[in-house]
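**Q** Below: sequence and its predicted model.
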Number of protein chains: 2
Amino acid sequence: MKKILVAGANGKIGKHLVTFIQKSDNMEVKAMIRDKEQASFFENLGAETAVVDLEESVDAIAKAAEDVDTVVFTAGSGGHTGKDKTIMVDLDGAVKTIEAAKAAGVKRFVLISSFDTTREAILKANDSFAPYVAAKHYADEWLKGSGLDYTIIHPGVLTNDEGTGQVNLAPQVERDEVPREDIARVILASLENDKTIGKAFQVVRGTTVIREAVDSI
Amino acid sequence: MKKILVAGANGKIGKHLVTFIQKSDNMEVKAMIRDKEQASFFENLGAETAVVDLEESVDAIAKAAEDVDTVVFTAGSGGHTGKDKTIMVDLDGAVKTIEAAKAAGVKRFVLISSFDTTREAILKANDSFAPYVAAKHYADEWLKGSGLDYTIIHPGVLTNDEGTGQVNLAPQVERDEVPREDIARVILASLENDKTIGKAFQVVRGTTVIREAVDSI
């Protein structure tokens, strides 16, 4: 039974993901949450929880990662919160979680980034969005240089629509919407497929069954 | 004659630094400024100028760095501007300038950081200051991993007092004030002393003559 630490478990993608993993046969979740009051959702799914704020130390996060096989980072300020949170959660929270995985001896790390985090995207973004793109860019770069078995998922414009189980997935695709539920399924499929190690890809809505789309990467 | 590209030349430390370098025998400045209207101060000192905004591309900065021997980065939002500028100037501006130096084949890079940019300092900082410390932390880390011949200067609490020509300088010193003019002299002495390559040190006011303090590092 593989145990997956989900940082950002209480987010919308996080909750879908925990639900899917808990239903799977060979994986279980440790949900990392900021506040004990968020625990009941996860306990009802039979998932373990660990209360750690991403603004705490690497050690605090590493302690939560001690007995897991994989870390998924799907926390994020969403680009609409204060710029303080952008750098403290999207960049520093991600990097601390990467360092915590290394400290805890966890090799596998899946990062949910934003759609386009290239240097060109930072330049093209408007003044209010650019800091968010930059924060995501540096988190991605840090993970790529970490030595971990990484997968970086770049979702399109996230919606709360019901998932279709199908996507368009490749290193570069045209920007489009994608349901959060389908992104959670892409994460699940990535956890089950080692072909995704060392890969970064964009995901939008589409017509390929998710497992096949992930396997074709 | 060594040519030094000073990014952030129009700042208070930058103006002192350009003045000192232009008075030196073996170095000259190319002042990187955001706005052509800032040029007269530097032209009056006989310094070349290059108009480049740090929010432009790596290529634009690299073009300014093409014919120089060293880059000094002393731009900064100061921790009191909007958090957008913190990540876009203190982190992304610094990293783009580092990448630009590499692209232009410049080996030597001097970065003016803030006093304490350790992970512990990020944790200890209050909510409004932490993003600034984090931005500086990542810029420092990026430079250390860049392969460039770097020097990272961590000044204490900056004042506009007249310089004394003397400082207290070591990898770790007790936090104290330091005149911007003396920091400019420390940069100058670092440019003249290859012992500072691969070093990071803190600087506050003190009683050691600057050249000796720098040479003892």
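**A** That came through fine. Numbering: from 1, shown residues only, chains lettered A, B, ... in the order given.

**Q** Beta-bridge partners for the nearest residue to A:Ala213 once chain neighbours are set aside, please?
**A** Leaving aside its chain neighbours, A:Ala213 sits nearest to A:Leu169 (4.1 Å; criterion: Cβ to Cβ, 6 or more residues apart in numbering or on different chains). Every residue, glycine included, has its C-beta placed from N, CA and C. Legend: beta-bridge partners of A:Leu169 under DSSP bridges are A:Val203.

**Q** Now do the contacts for A:Leu169.
**A** A:186, A:201-203, A:206, A:208, A:210, A:213-214, A:216-217 (Cβ atoms under 8 Å, 6 or more residues apart in numbering or on different chains).

**Q** how about the residues of chain A near chain B?
**A** Residues of chain A lying close to chain B (Cβ under 8 Å from any Cβ of the partner chain) are A:55-58, A:82-84, A:86-88, A:91-92, A:95, A:119, A:122-123, A:127-128, A:130-131, A:134-135, A:138, A:145.

**Q** try 7 Å
**A** A:57-58, A:82-84, A:86-88, A:91-92, A:119, A:122-123, A:127, A:130-131, A:134-135, A:138 (Cβ under 7 Å from any Cβ of the partner chain).

**Q** So which of the residues you listed are in helices?
**A** A:58, A:83-84, A:92, A:119, A:122-123, A:130-131, A:134-135, A:138 (DSSP state H).

**Q** From those residues, pick the one nearest A:Pro179.
**A** A:Ala135 (24.1 Å; Cβ to Cβ).

**Q** pretty sure the closest one is touching B:Ile87, no?
**A** Yes - A:Ala135 is within contact range of B:Ile87, at 6.3 Å (criterion: Cβ atoms under 7 Å).

**Q** Show me which of these two is the more surrounded one.
**A** A:Ala135 (35 against 30; other Cβ atoms under 10 Å in any protein chain shown).

**Q** where do the strands sit along chain A?
**A** A:2-7, A:27-33, A:48-51, A:70-73, A:108-112, A:149-155, A:157-159, A:166-170, A:177-179, A:199-205, A:208-209 (DSSP state E).

**Q** so A:Leu188 makes contact with A:Ile21?
**A** Yes - between A:Leu188 and A:Ile21 there is a contact under Cβ under 7 Å: 6.4 Å.

**Q** now chain A, which segments are flagged as low pLDDT?
**A** A:78-84 (pLDDT under 70).

**Q** Next one: A:Lys3 from chain B, what distance?
**A** For A:Lys3, the distance to chain B (Cβ to the nearest Cβ, to the nearest Å) stands at 27 Å.

**Q** Beta-bridge partners for that residue, please?
**A** Here A:Lys3, judged by DSSP bridges, has bridge partners A:Glu28.

**Q** count of residues packed around it?
**A** 17.

**Q** Would you agree it is in contact with A:Lys30?
**A** Yes - with contacts counted by Cβ under 7 Å, A:Lys3 reaches A:Lys30, the gap being 5.8 Å.

**Q** Which residues are in contact with each of those two?
**A** A:Val68 (Cβ atoms under 7 Å, 6 or more residues apart in numbering or on different chains).

**Q** distance from the centroid: which residue in chain A tops it?
**A** What lies farthest from the middle of chain A is A:Asp127; by Cα atoms, centre = their mean that is 25.0 Å.

**Q** Tell me which residues of stretch A:130-146 come out buried.
**A** A:130-143 (16 or more other Cβ atoms under 10 Å in any protein chain shown).

**Q** how about that stretch as CSV, C-alpha atoms only?
**A** Provided in CSV are the C-alpha atoms of stretch A:130-146 (Å, rounded to 0.1, in the frame of the first residue of the first chain):
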residue,chain,number,x,y,z
ALA,A,130,3.1,38.2,-13.5
PRO,A,131,4.2,37.6,-9.8
TYR,A,132,2.0,34.5,-9.7
VAL,A,133,3.5,33.1,-12.9
ALA,A,134,7.0,34.0,-11.6
ALA,A,135,6.4,32.2,-8.3
LYS,A,136,5.2,29.1,-10.2
HIS,A,137,8.2,29.3,-12.6
TYR,A,138,10.7,29.2,-9.7
ALA,A,139,8.9,26.4,-7.9
ASP,A,140,9.0,24.4,-11.2
GLU,A,141,12.7,25.1,-11.7
TRP,A,142,13.5,24.2,-8.1
LEU,A,143,11.8,20.8,-8.5
LYS,A,144,13.5,20.1,-11.8
GLY,A,145,16.9,20.7,-10.1
SER,A,146,16.0,18.8,-7.0
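
**Q** List phi and psi for A:Asp176.
**A** phi -160, psi 170 (degrees, to the nearest 10).

**Q** what's around the nearest residue to it once chain neighbours are set aside, how many residues?
**A** Of all residues not flanking A:Asp176 in the chain, A:Val204 sits nearest, at 3.7 Å (Cβ to Cβ, 6+ apart). A:Val204: 20 surrounding residues under other Cβ under 10 Å.

**Q** In this structure A:Val204 contacts A:Gln172, no?
**A** No - if you go by Cβ under 7 Å, A:Val204 and A:Gln172 don't touch, sitting 10.8 Å apart.
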